[in-house]
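Participant: Requesting a structural model of the entry that follows:
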Amino acid sequence: MTDVAVKPGAGRGTGRLERYFSLSERGTSAQTEVLAGFTTFLTMAYIVLVNPAILGQAGMPIAAVAAATCFAAAFGSILMGLVANTPLALAPGMGLNAYFSFTVVQQMGVPWPVALGCVFISGIAFLILTLTGVRQMIVAAIPMHLFAAVAGGIGLFIGFIGLKNAGIVVANPATFVALGDLKAPGAALALFGLLVIGVLSVWNIRGAMLIGIVATTLVGWLFGQVVINPEPYSLDALTGTAFKLDLSGVFGLTGSHGLGLLEILFVFLFVDLFDNIGTLVAVTKRAGLMDKAGRIPGLNRILITDAAATIVGSVAGTSTVTSYVESAAGVQAGGRTGLTAVVTGILFLATMFVAPYAQIVPLAATAPALIIVGGLMLLPLTEIEWEDPLSAIPAFLTVAMIPLTFSIANGLAFGITAHAILKLLRGTATKADWFLFLLAALFVVRFIWMSAA
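Facilitator: Got it, this is the predicted structure:
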């Protein structure tokens, strides 16, 4: 046997990563985590283009929002990885950005700096609820079978988003949804990607998701499906939104928006609170980080990081920052620690310098990964006691309402409310369930409010 000389210090970098992120303990490696980070980034990179397009309609400078989006996603993801050691990536949330732009600014007439102030205040509220233990109480109040239902519902949600982005499923005025034109370039490209990832997955090829996304993007380039129209851009653009939030407007010191601002704060707080909890439960469960009692290690650090990301994002100049369901793609690629999130964050940081070029990866290339990940996330549904109506009915409502209403919060609301009502009428409620019934009552009030709006 030949002795191999090893330079002093060799492998120290990997050793530090091993100790900090507990890679071996979680059954992973630095290489796998980096690969998973790339996978997560590619599946959610669309936000770099979509978020500025949506907030731009509120009158915000598009280049500034693009820089703020990258910065907020980088800050939140890196902080999540370093502080909470969890493979959750963060970015400005879809849905809340549309509410910010179309409802708050355009319909209610609230200036966008005041709207950013509302996001900032909601972030402070998230932090207070976390430090006082309220958010943890909410997680503890959710029954175990609803944890499984949320994971399955988000799986269907992710899969539906993938099918929609691919053009395989399209809107239909008669049936709501229908099969799209599979001969259309986007759908055909997505089907090619679905085949590539599927074949690589059944052969247990490491990096199947990432390879499939890259291969599909390359084919898209060859057939002219990727069109790049970069806008003039520099990092200086960030000054167009950074520190422009108007807190005096929120508190009524300038302007007059009345009780409408309370509604805005409530929606930002409520939707992000339950969307985030749903995503957290689904991704940690898929990653095998949740214990048998339904506890999530480092829950406080995860929730504090989420609140901090929203606060910093609002200061940078973007709508509410939240955990992304696309993190499940990185988990499926093997991500088990915060190193996955750190890599994703570093890639977003790098994207700040070339934000307009994020469009080189088309939605049709990332759609297949979302479809496959969505399907694989249905596994927790086997844990539900479907023969027991007390478990089955709330679980089904949760699973169905998440994709059908395009809202994780709505799915949780239906599931928790149904569980509380059925438990009460069955006569099995106890004093220990008081917080569950409080949540259900709040959900009922929310439903009434939404119906009256």
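Participant: Give me the buried positions along stretch 304-315.
Facilitator: 304, 305, 306, 307, 308, 309, 310, 311, 312, 313, 314, 315 (16 or more other CB atoms under 10 Å). The C-beta positions use only the backbone N, C-alpha and C, and glycine is treated the same way.
Participant: mean confidence score for that stretch?
Facilitator: Taken as a whole, stretch 304-315 has a mean pLDDT of 96.
Participant: Output it as PDB - backbone C-alpha positions only.
Facilitator: Output in PDB follows, covering the C-alpha atoms of stretch 304-315 (Å, rounded to 0.1, in the frame of the first residue of the first chain):
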ATOM      1  CA  ILE A 304     -37.600  34.000  15.000                       C
ATOM      2  CA  THR A 305     -35.700  33.800  11.700                       C
ATOM      3  CA  ASP A 306     -38.900  34.000   9.700                       C
ATOM      4  CA  ALA A 307     -40.000  37.100  11.600                       C
ATOM      5  CA  ALA A 308     -36.500  38.700  11.200                       C
ATOM      6  CA  ALA A 309     -36.600  38.100   7.500                       C
ATOM      7  CA  THR A 310     -40.000  39.800   7.100                       C
ATOM      8  CA  ILE A 311     -38.700  42.800   9.100                       C
ATOM      9  CA  VAL A 312     -35.500  43.100   7.000                       C
ATOM     10  CA  GLY A 313     -37.300  42.500   3.800                       C
ATOM     11  CA  SER A 314     -39.700  45.400   4.400                       C
ATOM     12  CA  VAL A 315     -36.800  47.700   5.200                       C
END
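Participant: just to revisit the earlier point, so which of the buried residues of stretch 304-315 are in strands?
Facilitator: For these, membership in strands holds for none, with DSSP state E as the criterion.
Participant: can those residues go into CSV with extra columns for distance to residue 361?
Facilitator: Output for the buried residues of stretch 304-315, formatted as CSV (distance: CB to CB, whole Å):
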residue, distance to residue 361
304, 32
305, 27
306, 26
307, 30
308, 28
309, 23
310, 26
311, 30
312, 26
313, 23
314, 28
315, 29
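Participant: Do a quick rundown of the strands in the stretch 201-350 of the chain.
Facilitator: With DSSP state E, counting those that start in this stretch as the criterion, the stretch 201-350 of the chain has strands at 321-323.
Participant: Run through the helices of it in chain order.
Facilitator: 208-222, 247-250, 260-286, 299-316, 327-332, 338-351 (DSSP state H, counting those that start in this stretch).
Participant: among those helices, which is nearest residue 98?
Facilitator: Ranking these by their distance to residue 98 (criterion: CB to CB) puts helix 260-286 first, at 11.1 Å.
Participant: any idea how the protein splits into domains?
Facilitator: Per the TED database, the structural domains of the chain span 19-382, 385-452.
Participant: Single out the most deeply packed of these.
Facilitator: Highest mean neighbour count of the domains of the chain: domain 19-382, a mean of 21 (counted as mean count of other CB atoms under 10 Å).
Participant: Low-confidence stretches in the chain?
Facilitator: For the chain, the stretches with pLDDT under 70 are 1-13, 231, 253-260, 452-453.
Participant: In space, not sequence, find me the middle residue of it.
Facilitator: Nearest to the geometric centre of the chain sits residue 324, at 1.4 Å (CA atoms, centre = their mean).
Participant: measure stretch 131-147 end to end?
Facilitator: Across its full length, stretch 131-147 reaches 23 Å between end residues, using CA to CA, to the nearest Å.
Participant: Mind listing residues that contact that stretch?
Facilitator: If you take CB atoms under 8 Å, 6 or more residues apart in numbering as the criterion, stretch 131-147 is touched by 126, 129-130, 150, 273, 277, 280-281, 285, 290, 294, 296, 299-300, 303-304, 380, 383-385, 391, 394-395, 398, 412, 415-416, 419, 433, 435-436, 439.
Participant: Just give me how far the helix or strand containing residue 69 sits from the chain centre.
Facilitator: In the assignment (DSSP states H and E), residue 69 maps to helix 62-79. The chain centroid and the centroid of helix 62-79 are separated by 14 Å under CA atoms, centre = their mean, to the nearest Å.
Participant: Give me the residues contacting whatever helix or strand comes next after that helix.
Facilitator: Downstream of helix 62-79, the next assigned helix or strand under DSSP H and E is strand 90-92. Strand 90-92 has contacts (CB under 8 Å, 6+ apart) with 44, 47, 51, 69, 72-73, 76-77, 80, 305-306, 309, 313, 318-324, 341, 348.
Participant: switch the cut-off to 7 Å
Facilitator: 44, 47, 51, 69, 72-73, 76-77, 80, 306, 309, 313, 318-324 (CB atoms under 7 Å, 6 or more residues apart in numbering).
Participant: Stretch 192-208 now?
Facilitator: So stretch 192-208 is contacted by 35, 209, 211-212, 215-216, 219, 333, 365, 368-369, 371-372 (CB under 7 Å, 6+ apart).
Participant: Same check on stretch 218-227?
Facilitator: 185, 189, 192, 217, 360, 362, 364, 365.
Participant: any idea of the angle the strand or helix carrying the third one forms with helix 208-222?
Facilitator: What that stands for is residue 192. Per DSSP H and E: residue 192 is located in helix 185-202. Helix 185-202 runs at 150 degrees relative to helix 208-222, counting by axes from the mean of the first three to the mean of the last three CA atoms, to 10 degrees.
Participant: distance between helix 185-202 and the chain's centre?
Facilitator: Its chain's C-alpha centre and that of helix 185-202 lie 23 Å apart, by CA atoms, centre = their mean.
Participant: Can you dump the C-alpha atoms of it in PDB for me?
Facilitator: The C-alpha trace of helix 185-202 is given here as PDB (Å, rounded to 0.1, in the frame of the first residue of the first chain):
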ATOM      1  CA  PRO A 185     -43.700  24.300 -26.700                       C
ATOM      2  CA  GLY A 186     -43.900  24.900 -22.900                       C
ATOM      3  CA  ALA A 187     -45.900  21.800 -22.200                       C
ATOM      4  CA  ALA A 188     -43.800  19.600 -24.500                       C
ATOM      5  CA  LEU A 189     -40.600  20.900 -22.900                       C
ATOM      6  CA  ALA A 190     -42.000  20.200 -19.400                       C
ATOM      7  CA  LEU A 191     -43.000  16.700 -20.400                       C
ATOM      8  CA  PHE A 192     -39.400  16.100 -21.600                       C
ATOM      9  CA  GLY A 193     -38.100  17.300 -18.200                       C
ATOM     10  CA  LEU A 194     -40.600  15.100 -16.400                       C
ATOM     11  CA  LEU A 195     -39.300  12.100 -18.300                       C
ATOM     12  CA  VAL A 196     -35.700  12.900 -17.600                       C
ATOM     13  CA  ILE A 197     -36.200  13.400 -13.900                       C
ATOM     14  CA  GLY A 198     -38.500  10.400 -13.700                       C
ATOM     15  CA  VAL A 199     -36.000   8.100 -15.400                       C
ATOM     16  CA  LEU A 200     -33.000   9.400 -13.400                       C
ATOM     17  CA  SER A 201     -35.000   9.000 -10.100                       C
ATOM     18  CA  VAL A 202     -36.000   5.400 -10.700                       C
END
